[in-house]
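Student: could you look at this predicted model? Sequence included:
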Amino acid sequence: MTPDSIELAVVGGTGLYALAGLQDVEAHQPVTRYGTPSGPVRVGTLAGRRVAFLARHGEGHSVPPHRINYRANLAALQMLGARRVLALNTVGGIGERFGPRVLACPDQLIDYTWGRISTLCEEPGTEVLHVDFGDPYTPALRAQVLEAARTAGVALVDGGCYGATQGPRLETKAEIARMRRDGCDLVGMTGMPEAGLARELGLEYACLAIVANWAAGAGPDPDEVITLEDVLANVDAASAGIPALVAALSGR
C-alpha cells in the first residue's frame with residue numbers, strides 16, 4: 001500500500017469500533033507531531049477501494065470525548081494519505097426529523113465544548129491560522145455523501161445543526177431546551193474540535209450523524225430514561241447501511 005492509495009478515511013464513534021466489510025486489513029499507528037491516535041488505523045479494501053478506519057474512542061471505548069487527541073487522530077489519517085474524512089458521530093435527536101435510528105448529514109454546527117485543544121496553533125511559534133469556517137462541513141464532500149446514500153439506497157436526512165457538548169455526561173433537559181432555542185437539531189460530544197481541526201489541516205470533512213436516542217426532554221416522552229442498551233441497539237439498526245454508503249462514497 002502506498003499512502004496516496006487511500007480513497008477515504010472513516011472515523012467511528014460510540015458503538016462503531018470497526019468498519020463492516022473492510023477486507024485485507026493492515027494496522028498502522030503513526031506517531032504524529034501531536035502524539036499517537038486513539039488506536040490503530042485499520043486500512044483495507046472495501047468494494048475494491050482502499051479505505052482507512054479509526055475508532056475515535058479507541059477500539060475498547062477507553063477514551064472519553066474530552067480526552068480524545070483529535071489532532072493526532074486527524075494527522076495520522078493525513079500521514080497515511082487520506083484527503084477526505086467521513087466522521088461517524090453517535091448523537092441524540094432534538095429536532096422532530098431526527099428521531100432514534102435516523103441517519104443525518106448535518107450542514108451546520110454550534111460548539112459548546114470547552115478546555116479542549118482546538119487548533120493547530122496551540123504551541124508557541126506555530127503559524128497562526130484563521131480558517132474560513134462558515135460552512136463547517138465541506139460542501140463538496142457533503143454532496144458526495146448524499147449522492148452515495150442515494151446510490152446505496154440508504155435513507156439520509158439532508159441538513160441539520162449539530163451541537164457539540166463537553167460530555168461525557170449527557171445533557172440536562174434545560175440544556176437541550178437551550179440548544180433547541182439556539183437552532184440545534186442534533187447533540188453529540190465529539191463534533192468539535194474535530195471539524196475545525198480538519199479544516200486547519202486542509203482535509204475535506206463531512207459528518208454522518210447516527211441518532212441513538214432522543215435528547216433529554218426532546219422526544220414524545222419527556223421523562224424517558226436513556227439506557228446504554230437502547231443506545232447501542234439503535235446504533236446497530238441505524239448503521240446497517242453505512243458499509244454500502246461508504247463503499248459508494250469511496251469510489252467518488
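Tutor: Arrived safely, thanks for sending. Just so you know, these numbers come straight off a predicted model, no measurement behind them.
Student: who are the packing partners of the helix or strand that contains N234?
Tutor: Following DSSP states H and E, one finds N234 within helix 228-238. Contacts defined by 3 or more C-beta pairs under 8 Å, 6 or more residues apart in numbering; DSSP states H and E place helix 228-238 against strand 204-214. (Each C-beta comes from the backbone N, C-alpha and C, glycine too.)
Student: adjacent strands (with direction) for the strand it packs on?
Tutor: If you go by DSSP bridges, strand 204-214 pairs up with strand 84-93 (parallel), strand 103-105 (antiparallel).
Student: figure out how far the first one is from the centre of its chain.
Tutor: Average the C-alpha atoms of strand 84-93, do the same for its chain, and the two points are 3 Å apart (C-alpha atoms, centre = their mean, to the nearest Å).
Student: which parts of the stretch 1-150 of the chain are helices?
Tutor: 70-79, 139-152 (DSSP state H, counting those that start in this stretch).
Student: tabulate these (a markdown table), appending mean pLDDT.
Tutor: Output for the helices of the stretch 1-150 of the chain, formatted as a markdown table (pLDDT from 0 to 100):
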| stretch | mean pLDDT |
| --- | --- |
| helix 70-79 | 97 |
| helix 139-152 | 97 |
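Student: out of those helices, deepest packed?
Tutor: helix 70-79 (a mean of 24; mean count of other C-beta atoms under 10 Å).
Student: hmm, back to that, the helix holding N234 vs strand 84-93, what angle?
Tutor: Calculated by axes from the mean of the first three to the mean of the last three C-alpha atoms, to 10 degrees, helix 228-238 forms an angle of 130 degrees with strand 84-93.
Student: and helix 228-238, how far out from the chain middle?
Tutor: 17 Å.
Student: and the next helix or strand along the chain from that helix, which residues are buried?
Tutor: Of the helices and strands lying after helix 228-238 in sequence (DSSP H and E), the nearest is helix 242-250. Applying a neighbour-count criterion of 16 or more other C-beta atoms under 10 Å, one finds I242, P243, A244, L245, V246, A247, A248, L249, S250 buried in helix 242-250.
Student: circling back: in CSV: the helices of the stretch 1-150 of the chain, plus distance to T165.
Tutor: CSV is the format used below for these (distance: least, C-beta to C-beta, whole Å):
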stretch, distance to T165
helix 70-79, 15
helix 139-152, 22
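Student: from the centroid of the protein, which residue is nearest?
Tutor: A87 (2.8 Å; C-alpha atoms, centre = their mean).
Student: thought that one was touching M192?
Tutor: No. Using C-beta atoms under 8 Å, A87 makes no contact with M192, being 10.8 Å away.
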